[in-house]
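Peer 1: Provided below are the primary sequence and the corresponding predicted coordinates.
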Amino acid sequence: MSRIGREPIAVPQGVTVTVAEGNAVTVKGPLGELQQKFCPELGIQQDGATLLVTRPNDQKEMRALHGLTRTLLNNMVVGVTTGYAKKLEIVGVGYRVEKQNKKIVLGLGYSHPVVFEEEDGITFEVPDNTTIIVKGIDKQAVGQVAAVIRSKRPPEPYLGKGIKYTGEKIRRKAGKTGK
């Protein structure tokens, strides 16, 4: 059995999980509601305040889906209770971010500002002009939006300028050497 897939998922107080026909799971909590459809061959049982994922056989595909399904269900439960956040830092002279209503405007050294609007379920916080916090209840959506923002000016290895995740180590290279 999969070590990850075997573990039960604790469902906290105030969170309701409903498993419909065909393994369509809906998780409702204090921060919102998430829905996802899982492989119908896997078994998702709710026993009081715990969820358990079981697989029908030991085929390679079922073994792979077992741990994945358990992790995705756990991410849904954590998302509707505490939510997820990714913190990005902007490094570089003249690089900045500004929040205007429901969008952020990035000045990244291009001839034009780069604008991102808040999507449904995703919010931006800008504590200062070099930090962006992407928040939401869907872990995959938060990570994707943060990756798209980072891709507009990824950190470069010579000076370290660009947008990076907080705590990310930039592998630095030596510049040209003179004679």
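Peer 2: Yep, it's here. Numbering: from 1, shown residues only.
Peer 1: in the chain, which spans are helices?
Peer 2: 3-6, 60-81, 139-151 (DSSP state H).
Peer 1: what does the longest one contact?
Peer 2: If you take CB atoms under 8 Å, 6 or more residues apart in numbering as the criterion, helix 60-81 is touched by 1-5, 7, 9-12, 14-15, 17, 25, 27-34, 36, 38-39, 41-42, 44, 51, 53-56, 84, 136-140. To be clear about C-beta, it is placed using only N, CA and C from the backbone, and glycine gets the same treatment.
Peer 1: try it again with 6 Å
Peer 2: Residues from elsewhere that reach helix 60-81, judged by CB atoms under 6 Å, 6 or more residues apart in numbering: 2, 4-5, 9, 12, 27, 29, 31-32, 34, 38-39, 42, 51, 53, 55, 137-139.
Peer 1: same question for the first one.
Peer 2: Residues lying outside helix 3-6 but in contact with it, judged by CB under 6 Å, 6+ apart, are V53, H66, G67, R70.
Peer 1: could the residues you listed go into JSON lines alongside distance to P154, pLDDT and neighbour count?
Peer 2: Formatted as JSON lines, the contacts of helix 3-6 follow (distance: CB to CB, whole Å; pLDDT from 0 to 100; neighbours: other CB atoms under 10 Å):
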{"residue": "V53", "distance to P154": "36", "pLDDT": "93", "neighbour count": "27"}
{"residue": "H66", "distance to P154": "35", "pLDDT": "93", "neighbour count": "22"}
{"residue": "G67", "distance to P154": "31", "pLDDT": "92", "neighbour count": "18"}
{"residue": "R70", "distance to P154": "33", "pLDDT": "94", "neighbour count": "24"}
